[in-house]
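Undergrad: model the structure of this input:
(chains A and B)
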Amino acid sequence: RKEVEQDPGPFNVPEGATVAFNCTYSNSASQSFFWYRQDCRKEPKLLMSVYSSGNEDGRFTAQLNRASQYISLLIRDSKLSDSATYLCVAGEYGNKLVFGAGTILRVKS
Amino acid sequence: DTGVSQNPRHKITKRGQNVTFRCDPISEHNRLYWYRQTLGQGPEFLTYFQNEAQLEKSRLLSDRFSAERPKGSFSTLEIQRTEQGDSAMYLCASSLSGTEEKLFFGSGTQLSVL
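TA: Residues are numbered from 1 along each chain as shown, chains lettered A, B, ... in the order given. Below is the predicted model:
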């Protein structure tokens, strides 16, 4: 079993749609959680941190459920420019961050 | 440019040859990570340094792989006797250690082993 698991998709959605991605992690000692975005043939870039209290940044909302070891990302009012691979990340403080395989999002006009 | 820098961007080599990649992290970052990524997969952890100390090396990493960060600044990753299965994007990232450690990646080195 992979340490961080994501639905690979692809998620094909129209512009303006709301889309949600889920991720589970197996290491119960994990304390740091992030979503990264990766465009085709580019390096991953930090999208946002994830907290138990929830974290919102414009159209993006991230949520952590420690009891279920589950992380989510919600994108509202999808834009064409949101098309990318979204990587879920978990790790222990002071230790390596483990990446999921990524979820592909394609936003179409 | 004050981001993470990696060289070369692309490397094509023949099976059995040795290759070396370089990473220059963000100057104030004390941690440096190497990841490997293949098509359709997320970045896979290889090793990381805090200053010049190598703190962890992936169990999946064979003895053909070695990394150094001699003065706690730039790092090199060497692959000896390359195999076709080594073909991948090698990503370097740096961070500042702390309770919320965020990684900043370089553009990567794409290795093709023929």
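Undergrad: helix or strand with the lowest mean pLDDT in chain B?
TA: strand B:53-57 (a mean of 92; mean pLDDT, DSSP states H and E).
Undergrad: which bits of chain A sit near chain B?
TA: A:4, A:8, A:32, A:34, A:42-46, A:49, A:87, A:91, A:93-102 (CB under 8 Å from any CB of the partner chain). In this view, the C-beta of every residue, glycine as well, is placed from N, C-alpha and C.
Undergrad: narrow the residues you listed to those in strands?
TA: A:4, A:32, A:34, A:45-46, A:49, A:87, A:91, A:97-99 (DSSP state E).
Undergrad: for ChimeraX, what selects the buried ones among the residues of chain A next to chain B?
TA: Buried residues among those (16 or more other CB atoms under 10 Å in any protein chain shown), as a ChimeraX selection:
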select /A:4,32,34,43,44,49,87,91,95,96,97,98,99,100,101,102
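Undergrad: how about residue 55, what does it touch?
TA: Defaulting to chain A. A:48-49, A:61-63 (CB atoms under 8 Å, 6 or more residues apart in numbering or on different chains).
Undergrad: let's do chain B instead
TA: Contacts of residue B:55 (CB under 8 Å, 6+ apart): B:48-49.
Undergrad: before we move on, the earlier item: buried sites along the helix or strand that the least confident helix or strand of chain B is followed by?
TA: For strand B:53-57, the following helix or strand on the C-terminal side (DSSP states H and E) is strand B:65-68. Residues B:65, B:67 are the ones in strand B:65-68 that count as buried (16+ other CB under 10 Å).
Undergrad: C-alpha coordinates for strand B:65-68, PDB please?
TA: What follows is strand B:65-68, C-alpha atoms only, in PDB (Å, rounded to 0.1, in the frame of the first residue of the first chain):
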ATOM      1  CA  PHE B  65      23.400   6.300  -6.200                       C
ATOM      2  CA  SER B  66      25.400   8.700  -4.000                       C
ATOM      3  CA  ALA B  67      24.700  12.200  -3.000                       C
ATOM      4  CA  GLU B  68      26.900  14.800  -1.300                       C
END
